[in-house]
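>>> Need coordinates for the following:
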Amino acid sequence: MAINRRRLLTSLARGAAAASLGVSTAFPFAKLKVTEIEIHPIMVECEDWIAYQLNHYYGPSRRVV
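All right, here's what the predicted structure looks like:
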């Protein structure tokens with residue numbers, strides 16, 4: 001998501017308004033508690049004609065989410 005001048009000024013104004021009211025916006029998920037993390041390995045499928053170059057120059061296409 002690209003940020004433009006209007007969105008930046010809007011978010012700054014909201015933060016200033018919240019700060020003046022004494023509301024903390026730094027940690028909106030302060031009561032969130034992580035109890036479990038799931039690991040999902042994924043692999044991007046490549047076309048045969050470009051697979052060697054992608055794996056050679058950019059490394060394997062296997063990632064963990």
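>>> Average pLDDT for the longest helix along the chain, rounded please.
Determined from DSSP state H, the single longest helix within the chain is helix 5-21. Taken as a whole, helix 5-21 has an average pLDDT of 78.
>>> the strands in this protein, which residues?
For the chain, the strands defined by DSSP state E occupy 41-43, 62-64.
>>> Please enumerate residues in contact with the last one?
It stands for strand 62-64. For strand 62-64, the external contacting residues (Cβ atoms under 8 Å, 6 or more residues apart in numbering) are Ile39, His40, Pro41, Ile42, Met43, Val44. Quick note: C-beta positions are derived from backbone N, CA and C, even for glycine.
>>> which other helices and strands contact the longest helix of the chain?
Helices and strands in packing contact with helix 5-21 are not found; criterion 3 or more Cβ pairs under 8 Å, 6 or more residues apart in numbering; DSSP states H and E.
>>> What are the buried residues along that helix?
Buried positions in helix 5-21, judged by neighbour count with 16 or more other Cβ atoms under 10 Å: none.
>>> still on that earlier bit, including distance to Ala16, could the contacts of strand 62-64 go into TSV?
Below are the contacts of strand 62-64 laid out as TSV (distance: Cβ to Cβ, whole Å):
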residue	distance to Ala16
Ile39	40
His40	40
Pro41	43
Ile42	41
Met43	45
Val44	42
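>>> any chance of those in a markdown table, plus pLDDT, distance to Val65 and neighbour count?
What follows is the contacts of strand 62-64, written out as a markdown table (pLDDT from 0 to 100; distance: Cβ to Cβ, whole Å; neighbours: other Cβ atoms under 10 Å):
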| residue | pLDDT | distance to Val65 | neighbour count |
| --- | --- | --- | --- |
| Ile39 | 91 | 8 | 6 |
| His40 | 91 | 5 | 7 |
| Pro41 | 89 | 8 | 8 |
| Ile42 | 87 | 6 | 9 |
| Met43 | 81 | 11 | 9 |
| Val44 | 76 | 12 | 9 |
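>>> Nearest to Ala17 among these?
Ala17 lies nearest to His40 out of the contacts of strand 62-64, by Cβ to Cβ, at 39.3 Å.
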